[in-house]
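Undergrad: Generate a structure from the sequence data that follows.
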Amino acid sequence: QVQLVESGGGLVQAGGSLRLSCAASGRTFGDYALGWFRQAPGKERDFVAAISYSGNKRDYAESVKGRFTIFRDDAKNTVYLQMTSLKPEDTAVYYCAARNARYSGTYLRQTEYAYWGLGTQVTVSS
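TA: Next up is the predicted model:
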C-alpha cells in the first residue's frame, strides 16, 4: 500500500509561482510512475502532468506546457510540480497519483493510477 501526501498549495496572485510536493510512503518509490491531476470547482478532474518511473519522460496538458514542470527525487520519495506564470484558471485542488510502472513511459489517464493523495488547494487571484 502506498500513501501519498500533497503539500505546498495556497493563495497566490496571477503571474506568481508555487511548488507542490507529494511525499510517498513505501520502499519502491523508484518503481512508480507518477502524475498530477487537478479538479476545479464544478468540473471533472483533469490531467496536468506525468513522469515516468525513470524520470526520463514527462508529459503535460496543453494548458500548462511551458509553465509547469514535474520532477521527482527518489531519494526523498517525493514528486514535485513547479508551477510558474500562474493564472486564475489554474485554481483547483491538485492531486498526485502513483502506480507501479509496467513500461518506460508515462500514464495520462486517471484510471491508470492505483494510489491517490487527498489533494492540496491552489487558488490564483486575478
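
Undergrad: now the strands for the chain?
TA: Ranges of strands within the chain are 4-7, 10-13, 18-24, 32-39, 45-51, 58-60, 68-73, 78-83, 92-100, 115-116, 120-125, based on DSSP state E.

Undergrad: quick one, which of those is packed in tightest?
TA: Highest mean neighbour count of the strands of the chain: strand 32-39, a mean of 25 (counted as mean count of other Cβ atoms under 10 Å). In this view, the C-beta of every residue, glycine as well, is placed from N, C-alpha and C.

Undergrad: Work out which residue lies at the spatial centre of the chain.
TA: In the chain, the centroid-proximal residue (Cα atoms, centre = their mean) is Trp36; its distance is 2.3 Å.

Undergrad: Show the model's pLDDT score for that residue.
TA: With respect to pLDDT, Trp36 scores 98.

Undergrad: And Tyr53, by the same measure?
TA: Reading off the confidence values, Tyr53 has pLDDT 96.

Undergrad: can you count the residues close to it?
TA: 24 (other Cβ atoms under 10 Å).

Undergrad: begin at 28 from here
TA: Fine by me, first position is 28 from now on; the one you just mentioned is Tyr80.

Undergrad: related to what we said a few turns ago, wait, what's in contact with the residue nearest to the centre of the chain?
TA: Applying Cβ atoms under 8 Å, 6 or more residues apart in numbering to Trp63 gives the contacts 47, 49, 75-77, 97, 106, 108, 121-124.
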